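Sequence plus predicted model, see below.
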Amino acid sequence: MQELERQLRGMKKVEPTSDFCKSAKIRLMSRIENSANESWLLSVLKKVGIVSPRPAFVAQARMRLLARITQQHVSTWMLFFKRLAASTLVMMLAVTSTLLYVDGGQYVSASEETVLKVLEGDVTVKHADYLIWNEVTVQTNLAAGDLIKVGEDSEAVLHFFDDSQVRLAPGTLVLLDSVNVSKGYARQAAIDMILHEGTAWVQTMNVDDGFARFKLVTRDSIIEAKHASFNVVVENNLPTTLSVYKHSVDVLPLMQYTNEVVAYGKVNSGEKVAITAAKPGTQNLDFSRIARASELTKVDYDSDWTRANVAYDEDHIAYVRMQEFENLQRSVGVLPGQFLYPVKQIKERLSLALSFSGDSELKALTTIANKRIHEAIVLMEQGKTPEAKEALMAYQAATREIAEASGNDVLASVTNDIVANNQKTLVAALPSGPSAGLINEALFMTEELFVSEPLEREQVRLENTNERLAVLQELVDAGNLESAKEVIVSHELAFSSILQEANAIEDEDERRALLESVLISRNEQLRLINNIADDLVDLEADAELLAMVDTASTSAESDVQATIALIKPLKPTEATQAIVYTPVEIKANEFVEKVNIYSSYTGQKNQIDRLMKVSRYKDNLEFINLVRSQLNPRSADYMYRYIIEAEKAALEYKGKQVQRKIERVQNLNQ
């Protein structure tokens, strides 16, 4: 507003000419003398801003105006109209600018260009339909069908308009197969690439809107990801190597020569796999037979390539967040508590009142919901948590109104307009922490609210639970343990009743399919929780957080066993055994593998002591017995000491529980 006022004051003043004033005076005198009543003057007064003046006032105004024109010099009375016109102009500009200002400026969208930037060395590009290779000196725009070759001792990076990046190591040959704008949200893309040879580090920034994706194809597999960081290596006559450093990646191994998908698997953060193409004629292949996963080692994390790219990822996400937040601040307009915020609310209510169809009303409500959550994000970043929570409550009220006003067929499209839109904003604008957690929870609730079918809603809840655990893993990796506690609480509160819903399904095939997806999802939850627990032990986290994670682990394991009980009558035993492994069994097998590295009794004994000292299962009798059953007799006998310690710990724990019950009873009696 200050800028507008400054510009208005600086505008050049225009003085009317003598001829204009004389002709205006003659026309006005003629109008006054020839009019039988004051209707013309009444219309002028209403335009100026006086509403329904009394007849006596209008008559008196007419007489005074006539006398002033007759008696005074033309320039004097004309000055009155000039000032009136200037005041009206200023008022119109002020009102218009205020209405625009309260809603903020246009949100700056990324361009749809894909740019190849040379970091060092020689990089060449063969554009689609061209026969020659062109050298890239600094950077160049790319399109679908372009082939990129990175020379020895050279590096390059691909920038996509959705903020994703692919960094290419020396000796890499890659084809940009296609880049399409997401149908759900224009700031995302569906990107397809083919890695012929070399090394590509990928940092994707997409979220799930049903269309956006990043797909990298090698001779062995198809690799798909959303909002992840991973490294892919393709070398002649060797399996494709995939290492995942953030979130998870979907892998679809291919049949040799035919490129037919033969299996599906998920590679998680901190894991790597060597993917081998299946031989022709093989069927029903298990993913673990084609791509056995192992944990990334310290050597993997400490390599020059990994450290450089992890640092590059952090710098890139920091830059994207800065840009995204600046855009968000410009687009959000005035915030709750500011002087003009009531004007913004009045304008929104007016847009709703002028919505004369269901589609226009839905569009207005969606716009209002997005404004509220954008306000919440900006307020969170500014540290104004109470105001942000109020904005989130207003957002949730708007989404409930949308759900009530919309049919089931409409809600799917609205989900993309609100949920995918703001998940993308959240990924870029806010770092992981309590602030992002509050926004995420609001988006999860919206996503579940917009699902009409009960079973589909339960599946969405399961997926959201996995997302919470992925966020929890990030917080633990970053050492933000206080925020991790808040996420654990949210995870525990997100109770799912899907087993009861599934058991009520009459169609056996539908029930079997649902339970299989539930089992996969809950096994994934169990794996995530136990990985987090191991990380917390390594970090020497406080007892409260470890107890919370242990409770979540026990609950997840109970859910898995309940799902197995329901699915056994519907699914063959051998198939069930192929996908169900309890975390205790997995950890026991890993423990035995580490012990068997040593062939001597002394080596195994010392290794057992080292591993048991840091194991979170050292008090678990089932775990210790599983380990004993797989060791040689002498080492198995050594494990008896840990059985005795575990039994002693169990008795102490039981005694503490009894004492707590006694204390509660005593407190109640008082």
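Now that the structure is in, tell me what you want to look at.

measure residue 261 to residue 436 for me?
Counting by CB to CB, to the nearest Å, the gap from residue 261 to residue 436 is 35 Å. All C-beta spots, glycine's among them, are computed from the backbone N, C-alpha and C.

Those two - which one has more neighbours?
A count of neighbours by other CB atoms under 10 Å puts residue 436 above the other of residue 261 and residue 436, at 21 against 13.

my guess is that one meets residue 426, correct?
Yes - Residue 436 lies in contact with residue 426 (CB atoms under 8 Å); the separation is 6.1 Å.

CA atoms of stretch 148-163 as PDB?
Extracted in PDB, the C-alpha atoms of stretch 148-163 (Å, rounded to 0.1, in the frame of the first residue of the first chain):
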ATOM      1  CA  ILE A 148      23.600 -37.800 -23.300                       C
ATOM      2  CA  LYS A 149      27.200 -39.000 -23.200                       C
ATOM      3  CA  VAL A 150      29.500 -38.000 -20.300                       C
ATOM      4  CA  GLY A 151      33.200 -38.300 -21.100                       C
ATOM      5  CA  GLU A 152      35.900 -39.800 -18.900                       C
ATOM      6  CA  ASP A 153      36.900 -37.500 -15.900                       C
ATOM      7  CA  SER A 154      33.600 -35.600 -16.600                       C
ATOM      8  CA  GLU A 155      30.400 -35.000 -14.700                       C
ATOM      9  CA  ALA A 156      27.000 -33.500 -15.500                       C
ATOM     10  CA  VAL A 157      23.700 -32.900 -13.900                       C
ATOM     11  CA  LEU A 158      20.100 -32.900 -15.300                       C
ATOM     12  CA  HIS A 159      17.700 -30.400 -13.900                       C
ATOM     13  CA  PHE A 160      14.000 -31.100 -14.300                       C
ATOM     14  CA  PHE A 161      11.200 -28.500 -13.900                       C
ATOM     15  CA  ASP A 162       9.700 -30.500 -11.000                       C
ATOM     16  CA  ASP A 163      13.000 -29.900  -9.000                       C
END
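
Same question for it: list its buried residues.
148-151, 154-163 (16 or more other CB atoms under 10 Å).

now these as JSON lines including pLDDT?
JSON lines is the format used below for the buried residues of stretch 148-163 (pLDDT from 0 to 100):
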{"residue": "148", "pLDDT": "94"}
{"residue": "149", "pLDDT": "94"}
{"residue": "150", "pLDDT": "94"}
{"residue": "151", "pLDDT": "92"}
{"residue": "154", "pLDDT": "92"}
{"residue": "155", "pLDDT": "93"}
{"residue": "156", "pLDDT": "94"}
{"residue": "157", "pLDDT": "94"}
{"residue": "158", "pLDDT": "94"}
{"residue": "159", "pLDDT": "92"}
{"residue": "160", "pLDDT": "92"}
{"residue": "161", "pLDDT": "88"}
{"residue": "162", "pLDDT": "87"}
{"residue": "163", "pLDDT": "88"}
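
and which of these is nearest to residue 610?
residue 155 (40.4 Å; CB to CB).

what's across from that closest one in the sheet?
residue 120 (DSSP bridges).

I'd assumed residue 547 was in contact with residue 533.
No - taking contacts as CB under 8 Å, residue 533 lies outside contact range of residue 547: 10.6 Å.

Looking at these two, which is more packed in?
residue 533 (21 against 10).

Which of the buried residues of stretch 148-163 fall in helices?
The helices, defined by DSSP state H, take in nothing from the buried residues of stretch 148-163.

which ones among those are found in strands?
Among these, DSSP state E puts 148, 149, 150, 155, 156, 157, 158, 159 in strands.

hang on, residue 444 packs against residue 463?
No - with contact defined as CB under 8 Å, residue 444 does not count as touching residue 463 (9.3 Å).

quick one, which of the two is more surrounded?
Between residue 444 and residue 463, counted using other CB under 10 Å, residue 444 has the larger neighbour count: 21 against 17.

Check the gap between residue 420 and residue 226 for me.
Residue 420 sits 11 Å away from residue 226, taking CB to CB as the criterion.

Now do the shared contacts for those two.
Shared contacts of residue 420 and residue 226 (CB atoms under 8 Å, 6 or more residues apart in numbering): 207, 208, 212.

related to what we said a few turns ago, just give me the closest of the buried residues of stretch 148-163 to residue 174.
Nearest to residue 174 among these, with distances taken as CB to CB, is residue 148, at 5.2 Å.
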